[in-house]
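S.K.: how would this look folded up:
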Amino acid sequence: MITSRPRAEVAGLIKTRVRVGQRTKDLVQQLQPGECAVINHEDLDETAAHALVSTKVRLVVNAARSISGRYPNQGPLVLVEAGIPLLDSVGPEVMDLLDGEEVEVAGDRLVTENGKIFNGKLLDRETVLRLLEESKANFQKEMERFVANTVEYARKELDILKGMAVPPLDISFRGRHVLVVVRGQSYKDDLQAIRGYIREVRPILIGVDGGADALLECGFRPDIIIGDMDSITDKALGCGARLIVHAYPDGRAPGLNRLEALRLNGMVLPAPGTSEDVALLLAYEKGADLIVAVGTHSNVIDFLEKGRKGMASTFLVRLKVGTVLVDARGVSKLYRQRIHWRYLAEIVLAAVIPFAVVFTLSPATLLLLRLFLMRMRVVFKW
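M.R.: I've put the predicted structure just below:
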């Protein structure tokens, strides 16, 4: 909602410049620290919220409802717990702001340079927790609809179990481990947690769209990139990986246009399901000994956050590849416990004692010590 009022009447609590984006995952690639992110993202998901936090934005303004009440999405809680103010339900007109335009936020109002006022609701932690608790009451109905859609579409997508016509690749999968990285919840933390496994085992690395960027950020170059190429940087596309464009079953491949614009070569793989489904099936059909999945979507919340009303293809794919699939999602949480100071002291003591024993028992060391003491007596006239 927009009203107009003299600028001098509004006392600004937060003053910054805006950057506007209809797609949050694209906007985070452009945001600079201290800016205000203006988004249009109903039911803000946890992955998007973490991405916003990582950009060190000063403020997030959402044209839509950050929590609609359909299900308990955790994105708004991530923002407020990170100390980032969230001005919610401002209305679609706020998306007309121009990048770089200076704004002030005073309570529930955003004020532009020319005095326009956008009214919303500034969410604090208590409000977010209350809304999440209320949304749990609706989740049962949402779950029922989700399960019904999953069963309905599973019948239509049974062909996914028949096998996929995989493209020829100059990499041998047979007998090797394959790591599939998807831009999902805690994907960056989990990828960091298994760095040792990657260095030791050297699995084939498959990045699913933005998962390729995650691999590069972690210091690893993907061997293969699969996806519709809409949420991956140009840098990742040009890293030298084999590029496979996930196309619709009828052969349409919108992602191929981007590769052509960048003058990059890629293979087209028509297949039903999501790009991560295709990545898992590719590894399976090529004879991978073990598939390790990071950041993959595997539950109702994941798919509701992606805007999908069911998970038929993912359910079927996991049934097919389950014997060789290990889901590494959440593995980083196993290593969060800090080492107690007493353990560190014991380690240091265990290292010092042998050194002290060797130092005191060595004849050469004792001679040096005696010479040092004699020198001190001469200098200080002891």
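
S.K.: Which neighbouring elements make contact with the longest helix seen in the chain?
M.R.: Under DSSP state H, the helix in the chain containing the largest number of residues is helix 125-156. Secondary-structure packing of helix 125-156 (3 or more C-beta pairs under 8 Å, 6 or more residues apart in numbering; DSSP states H and E): helix 75-81, helix 300-305, helix 312-321. Where you see a C-beta, it was placed from the backbone N, CA and C, and this is true even at glycine.

S.K.: try 10 Å
M.R.: helix 75-81, strand 86-88, strand 121-123, helix 300-305, helix 312-321 (3 or more C-beta pairs under 10 Å, 6 or more residues apart in numbering; DSSP states H and E).

S.K.: closest one to Gly196 among the ones you listed?
M.R.: Gly196 lies closest to helix 312-321 among the helices and strands packed on helix 125-156, at 24.5 Å (C-beta to C-beta).

S.K.: that older thread, quick check: which of the helices and strands packed on helix 125-156 is nearest to Tyr284?
M.R.: Here helix 312-321 is closest among the helices and strands packed on helix 125-156 (C-beta to C-beta), at 4.3 Å.

S.K.: can you tell me the average pLDDT over the closest one?
M.R.: Per-residue pLDDT over helix 312-321 has a mean of 78.

S.K.: what does the helix or strand just after that helix contact?
M.R.: Next along the chain after helix 312-321, taking DSSP states H and E as the criterion, comes strand 325-327. Residues outside strand 325-327 that contact it (C-beta atoms under 10 Å, 6 or more residues apart in numbering) are 177-180, 190, 280, 283-284, 288, 290-296, 298, 317-318.

S.K.: re the thing from before, tell me how far the longest helix of the chain is from the chain's mean position?
M.R.: On the basis of C-alpha atoms, centre = their mean, to the nearest Å, helix 125-156 sits 22 Å off its chain's mean C-alpha point.

S.K.: ok, now stretch 315-331?
M.R.: With C-alpha atoms, centre = their mean, you get 19 Å for stretch 315-331.

S.K.: Also stretch 172-187?
M.R.: Distance, stretch centre to chain centre, for stretch 172-187: 15 Å (C-alpha atoms, centre = their mean).

S.K.: and it, C-alpha only, in PDB?
M.R.: As requested, the backbone C-alpha atoms of stretch 172-187 are provided in PDB (Å, rounded to 0.1, in the frame of the first residue of the first chain):
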ATOM      1  CA  SER A 172      34.000 -43.900 -16.400                       C
ATOM      2  CA  PHE A 173      31.600 -44.100 -13.500                       C
ATOM      3  CA  ARG A 174      31.800 -47.900 -13.000                       C
ATOM      4  CA  GLY A 175      33.100 -48.800  -9.600                       C
ATOM      5  CA  ARG A 176      33.600 -45.100  -8.500                       C
ATOM      6  CA  HIS A 177      31.900 -42.900  -6.000                       C
ATOM      7  CA  VAL A 178      29.800 -39.900  -7.300                       C
ATOM      8  CA  LEU A 179      29.100 -36.800  -5.300                       C
ATOM      9  CA  VAL A 180      25.900 -34.900  -6.300                       C
ATOM     10  CA  VAL A 181      25.700 -31.400  -4.900                       C
ATOM     11  CA  VAL A 182      22.400 -29.500  -5.000                       C
ATOM     12  CA  ARG A 183      21.600 -26.000  -3.700                       C
ATOM     13  CA  GLY A 184      19.500 -27.100  -0.800                       C
ATOM     14  CA  GLN A 185      19.300 -26.700   2.900                       C
ATOM     15  CA  SER A 186      22.700 -26.700   4.700                       C
ATOM     16  CA  TYR A 187      24.400 -27.600   1.400                       C
END
